[in-house]
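> What would the 3D arrangement of this be:
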Amino acid sequence: MDYHAGKYDVAVIGAGHAGIEAALAAARLGAKTACFTINLDAVGNLPCNPSIGGTAKGCLVREIDALGGEMAKAADETCIQFRLLNRGKGPAVQSPRAQADRKAYQARMKRALENQPNLELKQAEIIEIVAKNGKIVALKSSLGAVFEVGAVVIASGTFLGGRIIIGDWSREGGPDGMFATTALAGSLTALGVGLRRFKTGTPPRVNVRSLDLAAMEIQEGERDLAPFSFATETIPKSVAACYLTYTNAETHRIIRENLHRSPLFSGDIVGVGPRYCPSIEDKVVRFADKERHPVFVEPTGLGTGEMYLQGLSSSLPEDVQNEIVRSIRGLERAEIMRPAYAIEYDCADPLEFSAALNHKKIGGLYGAGQFLGTSGYEEAAALGLVAGANAARETLGLPPVTIARHEGYVGVLIDDLVTKGTNEPYRMMTSRSEYRLILRQDNADSRLSRIGCKIGLVTPEMVAITENKYKQVEAEIARLRAVTVHLSPELNAFLEQNGTSPVETGVRLYELIKRPQLGYFKTAPLDSERPKLHRDIAEQVEIAVKYEGYIRRQEAQARDFERQENRKLAVDLDYSVVPNLRTEARLKLAAVRPQSLGQAGRISGVNPADIAALMIYLEAKGG
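Numbers count the residues shown, from 1 in each chain. This is a model prediction of the structure:
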């Protein structure tokens, strides 16, 4: 029998990475919030590799922090190994990555939810979303509890219609033996939300005692790296090692001879998987010319011997998995603790949602994470923060906050999803941004702290600290422009020792720093009056000086982009009356309902001639 169980401004369905950020953001903005999870032991779960960050993803984590989110702080506190990826490349593609202690991370995030004012954490399966007159009004649990709500954020991860598949065995389920939620999918369909089927997977876990680690390449962590969170004062310590080994000809033979037993190739798996994170059997087929593939052996925590075999994601039967694993150097006697599995799940078409992450036709319905077609903890958390904040702002009578492509990878992520859509689990990469030199992980605080303050998640005091930091950067750059290093034998000897050409006259220190062989840190012996700056300020100085021309060019491009984004389009614009628009463009524009001329130009199927026709029409109408 149904019963009234309470009233909330915002309800969040799911307590994974999207749900956590959504619930915390909503509650911190003052909305009375409830966060529902199928199992309280799954809060903040890291069902795949317990790592946070990585290429482009590390930038997302720092942006989440700059906007007032929680992921960066939790990663810093539970980190067991820290590294900076792409260190040998330019700053545009450098990304921090932390191997986290899986159980410690979960406990840290669960405490954050439990201790947050305005937030109630509940174990319940939500089976129905109730709407009246096109607006969400209530949720119903499997036990008959009815919760009145002003808005709801769906952050269902892979639990929505989840099905676990290992070889020819399958059953309904979520990650790590949890049960799936199936009734909710039917409720969403009844509301008019279009669902489709995606798939992801995870590799086997093995017991470290059964491994020959000496036969593998060790990958130590790094020291003295900036933490994820701009507020973290203690640098995370790398106390655990990871290892690298490779598949071989025997591994590939085993896989090829058992492809007929793979549900991926038999047709049993119908969901679309992530192209950028394929299973090992898919890699062997697609890249048949490759003699080997890397396998990263990484710890899941300090209190367990469970190791994660990154690179061996699979849905092959368990007996085949045993053969595959034991064919690899260092894993010959491996004891598999958890077999690899594939998981299919339901998700929404992100084209049905706006840049504020609310559904375009159903009032009060927001989406985040894998429900909107992403893959990865970091993408989920970024969407969760924006969705939760905007859900709260709606119930508090405030306008939504959106983030543009030129402002952050969060903006790129959202714009790609709601403008272009995705036909596979979306993964963030640096190549997806046109402005990656100005969207770096090191300057996320400069770019987004003011937006975080506008949302209401970052205090004015934190913004002031950030602004003071960059005033120091500007002051030091101005000083460098004014400092002349006079011609001397010692100067030319220094230049030649560092592999760069000597000078014939005195030279500005600013110009020397620009040279590829030098930099701000290397030129310290030439600068007796250099102030003692915090390392992250000094790094900002070096990047700003060395990449000045490139940065200015991208900033100019971003200003052009902003002008296009400021040409707003009416939500009810009738594209059928716009002269010279192609039929495909009319259909796509009517379906997506772009908010600006810039967004219209990024819709798949809309070409420059269509945009020109649209501009002529708007100008004729005085729009």
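
> would Ala342 count as being in a strand?
Yes - Ala342: assigned to a strand according to DSSP: H, G, I helix; E, B strand; the rest coil.

> residues contacting Val239?
By CB atoms under 8 Å, 6 or more residues apart in numbering, Val239 lies in contact with 80-81, 221, 302. Just so you know, the C-beta spots here come from the backbone N, C-alpha and C atoms, and that holds for glycine as well.

> how about the least confident helix or strand in the chain by mean pLDDT: buried residues?
Using mean pLDDT, DSSP states H and E, helix 263-266 stands out as the lowest-scoring helix or strand of the chain, at a mean of 82. Neighbour-count burial for helix 263-266 flags 263-265 (criterion: 16 or more other CB atoms under 10 Å).

> any idea how far the closest residue to Met428 other than its chain neighbours lies from Val206?
The shortest distance from Met428 to any non-neighbouring residue, by CB to CB, 6 or more residues apart in numbering, is to Ala56 (4.6 Å). Distance, Ala56 to Val206, using CB to CB, to the nearest Å: 29 Å.

> Same check on Leu518?
Distance, Leu518 to Val206, using CB to CB: 47 Å.

> Could you check which of these two is surrounded by more residues?
Using other CB atoms under 10 Å, the more surrounded residue of Leu518 and Val206 is Val206, with 24 against 21.

> So the more buried one, which state does it fall into?
strand.

> can you give me the strands in the stretch 151-300 of the chain?
Ranges of strands in the stretch 151-300 of the chain, per DSSP state E, counting those that start in this stretch, are 163-166, 169-172, 195-202, 205-207, 217-219, 242-246, 294-299.

> Please name every helix or strand in contact with the fifth one.
So that's strand 217-219. strand 242-246 (3 or more CB pairs under 8 Å, 6 or more residues apart in numbering; DSSP states H and E).

> now the strand it packs on and strand 294-299, what's the angle there?
Following axes from the mean of the first three to the mean of the last three CA atoms, to 10 degrees, one obtains 150 degrees for the angle between strand 242-246 and strand 294-299.

> And the nearest residue to Leu495 once chain neighbours are set aside, how far from Leu491?
Excluding the flanking residues, the one nearest Leu495 by CB to CB, 6+ apart is Pro502, at 5.2 Å. Using CB to CB, one gets 8 Å for the distance from Pro502 to Leu491.

> out of the two, which sits in the more crowded spot?
The neighbour comparison of Pro502 against Leu491 (other CB under 10 Å) goes to Leu491, with 17 against 12.

> Now rank the contacts of Val239 by neighbours and give me the top one.
Neighbour counts for those, by other CB under 10 Å, peak at Ile80, which reaches 25 neighbours.

> Wasn't it part of a strand?
Yes - counting by three-state DSSP, Ile80 falls inside a strand.

> residues contacting it?
Shown in contact with Ile80 (CB under 8 Å, 6+ apart): 99-101, 238-240, 299, 301-302.

> which two in those are spaced the farthest apart?
Pairwise distances across the contacts of Ile80 peak at 14.5 Å for Ser238 and Gly301 (criterion: CB to CB).

> just to revisit the earlier point, looking at the buried residues of helix 263-266, which one is closest to Gly376?
Looking across those and measuring by CB to CB, the closest to Gly376 is Leu264, at 20.5 Å.

> ok, residues contacting the longest helix seen in the chain?
Using DSSP state H to define each element, the chain has its longest helix at helix 460-482. The contact list for helix 460-482 (CB under 8 Å, 6+ apart) reads 230-231, 445-446, 449-450, 452-453, 508-510, 513, 531, 533-534, 536-538, 540-541, 544-545.

> tell me the mean pLDDT for that helix?
Helix 460-482 carries an average pLDDT of 96.

> can you check stretch 330-347 too?
97.

> any low-confidence regions in the chain?
Filtered on pLDDT under 70, the chain yields the residue ranges 623.

> mind running it again at 50?
For the chain, no stretch has pLDDT under 50.

> ok, so what distance separates the residue of it most remote from its centre from Thr232?
Counting by CA atoms, centre = their mean, the extreme residue of the chain relative to its mean C-alpha position is Pro489, 51.5 Å from that point. Computed as CB to CB, the Pro489 to Thr232 distance reads 46 Å.

> Then Ala124?
Using CB to CB, Ala124 is found at 34 Å from Thr232.

> repeat for Ala600
Counting by CB to CB, the gap from Ala600 to Thr232 is 41 Å.

> can you check Leu587 too?
Distance of Leu587 to Thr232, computed by CB to CB: 49 Å.

> go on, Arg286?
Taken as CB to CB, the span from Arg286 to Thr232 is 40 Å.

> and these two? which has more neighbours close in?
Set Arg286 next to Thr232 and count neighbours by other CB under 10 Å: Thr232 wins out with 17 against 11.

> what distance separates the start and the end of stretch 336-344?
Distance between the two ends of stretch 336-344: 23 Å, counting by CA to CA, to the nearest Å.

> contacts for it?
For stretch 336-344, the surrounding residues in contact (CB under 8 Å, 6+ apart) are 158, 161-166, 173-175, 197-207, 263-264, 269-271, 273, 279, 306, 312-316, 318, 321-322, 325.

> repeat that with 6 Å
If you take CB atoms under 6 Å, 6 or more residues apart in numbering as the criterion, stretch 336-344 is touched by 158, 162-166, 197, 199-201, 203-207, 269, 271, 306, 314-315, 318, 321.

> got the domain boundaries for this protein?
3-201+345-460, 205-342, 467-554, 567-620 (automatic domain parsing).

> mind listing what's buried in the longest helix of the chain?
So for helix 460-482, counting by 16+ other CB under 10 Å, buried means 462-463, 466, 469, 472-473, 476-477, 479-480.

> same thing with stretch 130-144?
Neighbour-count burial for stretch 130-144 flags 130-131, 136, 138-141 (criterion: 16+ other CB under 10 Å).

> and which of the residues you listed is nearest to Asp212?
Set against Asp212, the nearest of these by CB to CB is Ser141 (49.4 Å).

> what's the spacing between the nearest residue to that closest one once chain neighbours are set aside and Ala11?
In space, Ser141 comes closest to Ala124 once its chain neighbours are excluded; the distance is 4.4 Å by CB to CB, 6+ apart. From Ala124 over to Ala11 the distance is 10 Å, taken as CB to CB.

> what's Glu619 sitting at in phi/psi?
Its backbone dihedrals place Glu619 at phi -70, psi -40, with angles given as degrees, to the nearest 10.
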